[in-house]
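>>> Turn this into a model:
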Amino acid sequence: MIRIIANQNEKELVTKSDIQALEQLGSKSYWIDLSEPDAQELNQLKHFFPSFHRQPKESGQHAHRPQLKLFKDFYYVSLHVISPNTLKPHEMQLYVGKTSLITYHADNLKAVNDIWHECRSDDAFSVKDIPDEILRRLMSRMIDQYIMAANDLEDKIDDLDLNAKSEPIHTLNRRVFHLRSELLSFRRVITPMMDIINRMISSSSIETSQEHELFLRNLNENLTRLTHMIESNLEITSDIRDSYLSLTTYRTNRIMQVLTVITTIFMPLTFIVGIYGMNFTFMPELQWHYGYFICLVVMLFIALIMYYWFRKKGWFDK
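Numbering: from 1, shown residues only. The predicted model follows:
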């Protein structure tokens with residue numbers, strides 16, 4: 001699907017759905033959005049914009065790493081737009097010229113759809129500066145999604161901490177490792193974005209207004225805060241994981257301690273029973289009238305003495 005926003009006579013905002021209509025309009029300031037394209041639409045874009053060189057990965061495939069490439073008349077930016085609920089990255093390509101912007105994504109992205117409808121209905125939309133205006137809105141919406149995703153991850157960590165006592169240890173460990181995996185994937189999206197924005201700010205090949213440079217610096221600050229938030233959450237999940245592992249080890253040691261105490265108490269009793277279980281004819285104690293009761297009392301006395309000794313050593317303390 002091709003969508004086009006252009007200005008007519010630098011005053012009126014018009015929308016088109018065909019590149020040929022844009023050529024007939026003769027507008028030099030425009031935004032072309034190519035979403036889930038078919039072969040015919042791809043050929044139209046390649047004919048209109050020969051520098052279009054590669055396609056983003058389709059849904060379900062591993063997206064390329066975000067990157068920035070500088071050319072003579074434009075610069076190319078590859079970004080990751082994420083789904084806040086799933087943290088799944090979707091690649092979006094941007095070809096940014098002085099008066100033109102081309103966005104291309106193989107998936108239908110809600111963020112881009114929102115910006116499209118917002119630009120058409122917003123009276124404050126700057127018709128004269130379409131590329132910079134839309135680029136700022138797209139990147140702002142992308143950062144908003146990053147912040148939403150980071151907040152959702154923090155809520156999951158808080159929920160994990162609150163329910164720590166009511167869930168089995170193996171379930172908690174599985175949730176902790178899943179959260180850490182999501183945080184690491186999120187960090188792999190944000191870190192390259194910071195490098196790209198820093199290059200956009202410092203590059204002499206990209207002409208930006210003072211307002212646009214200030215906007216990029218604000219984006220960079222937001223990404224820096226997000227990075228610190230992710231690192232902090234990684235430390236929290238690491239502490240939770242270590243606490244759970246320590247608790248599991250402690251419980252295992254307690255169980256082994258109880259089993260050891262029981263086994264140790266029964267060792268002398270088993271020895272006595274083994275002695276009197278031998279089938280020798282001449283054993284003097286076998287003929288005692290009260291031998292059985294004496295043996296039981298001795299065994300009980302040994303068990304009580306050992307129990308008292310273990311308790312005095314603190315083996316039964318909680």
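
>>> before we move on, which element is the spatially most central residue of the chain in?
Nearest to the mean C-alpha position of the chain, by CA atoms, centre = their mean, lies residue 182 at 2.3 Å. Using DSSP states H and E, residue 182 sits within helix 169-202.

>>> And residue 96, by the same measure?
Using DSSP H and E, residue 96 falls in strand 89-97.

>>> Which other helices and strands does that strand contact?
For strand 89-97, the elements it packs on are strand 74-82, strand 100-105, helix 130-162, judged by 3 or more CB pairs under 8 Å, 6 or more residues apart in numbering; DSSP states H and E. C-beta coordinates here come from the backbone N, C-alpha and C atoms, glycine included.

>>> Please work out the angle formed by the directions of it and helix 130-162.
Interaxial angle, strand 89-97 versus helix 130-162 (axes from the mean of the first three to the mean of the last three CA atoms, to 10 degrees): 160 degrees.

>>> immediately after the strand or helix carrying residue 274, which helix or strand?
Counting by DSSP H and E, the element that carries residue 274 is helix 210-275. The helix or strand immediately downstream of helix 210-275 is helix 291-312, counting by DSSP H and E.

>>> Packing partners of that following helix?
Counting contacts by 3+ CB pairs under 8 Å, 6+ apart, helix 291-312 packs against helix 210-275.

>>> quick one: average pLDDT of the helix it packs on?
Computed over helix 210-275, the mean pLDDT rounds to 84.

>>> Packing partners of it?
Applying 3+ CB pairs under 8 Å, 6+ apart, one finds that helix 210-275 makes contact with helix 130-162, helix 169-202, helix 291-312.

>>> Now do it and helix 169-202, the angle between them.
Interaxial angle, helix 210-275 versus helix 169-202 (the same axes, to 10 degrees): 160 degrees.

>>> what about the stretch 1-150 of the chain, any weak spots by pLDDT?
Across the stretch 1-150 of the chain, the ranges flagged by pLDDT under 70 are 8-18, 20-27, 53-64, 84-85, 122-128.

>>> Can you report how many residues lie near residue 1?
As a burial measure, residue 1 scores 11 neighbours (other CB atoms under 10 Å).

>>> what does residue 143 give?
Using other CB under 10 Å, the number of residues around residue 143 comes to 17.

>>> State the number of residues packed around the closest residue to it other than its chain neighbours.
Closest residue in space to residue 143, ignoring its immediate chain neighbours: residue 222 at 5.3 Å, by CB to CB, 6 or more residues apart in numbering. The local packing of residue 222 (other CB under 10 Å) involves 18 other residues.

>>> For residue 222, give its distance to residue 146.
8 Å (CB to CB, to the nearest Å).

>>> just residue 47 next, same as before
Between residue 47 and residue 146 the computed distance is 35 Å (CB to CB).

>>> re earlier: of the helices and strands packed on strand 89-97, give the one that comes closest to residue 284.
helix 130-162 (67.4 Å; CB to CB).

>>> tell me which strands and helices the closest one is in contact with?
If contacts are counted by 3+ CB pairs under 8 Å, 6+ apart, helix 130-162 sits against strand 2-8, strand 30-35, strand 74-82, strand 89-97, strand 100-105, helix 110-121, helix 169-202, helix 210-275.

>>> just to revisit the earlier point, which residues sit in contact with the residue nearest to residue 143?
143, 146, 147 (CB atoms under 8 Å, 6 or more residues apart in numbering).

>>> wait, what's in contact with residue 237?
Residue 237 makes contacts with 157, 176, 179, 180, 183, as judged by CB under 8 Å, 6+ apart.

>>> residues in contact with residue 209?
Counting by CB under 8 Å, 6+ apart, residue 209 touches residue 132.

>>> Please apply the same query to residue 176.
Applying CB under 8 Å, 6+ apart, we find residue 176 in contact with 160, 237, 240, 241, 244.

>>> more crowded one of residue 47 and residue 146?
Neighbours per residue (other CB under 10 Å) separate residue 47 from residue 146, with residue 146 holding more: 24 against 11.

>>> related to what we said a few turns ago, and the helices and strands packed on helix 210-275 as TSV, adding distance to residue 228?
Output for these, formatted as TSV (distance: least, CB to CB, whole Å):
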stretch	distance to residue 228
helix 130-162	10
helix 169-202	11
helix 291-312	50
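
>>> what angle do the helix holding residue 182 and strand 74-82 make?
If you take the same axes, to 10 degrees, helix 169-202 sits at 160 degrees to strand 74-82.

>>> who does whatever helix or strand residue 42 lives in touch, helix- and strand-wise?
Using DSSP H and E, residue 42 sits within helix 39-48. Judged by 3+ CB pairs under 8 Å, 6+ apart, helix 39-48 is in contact with strand 2-8, helix 19-25, strand 30-35.

>>> Show me how this protein divides into domains.
2-247, 257-312 (automatic domain parsing).

>>> most packed of those?
Across the domains of the chain, averaging neighbours per residue (mean count of other CB atoms under 10 Å) puts domain 2-247 on top, at a mean of 16.
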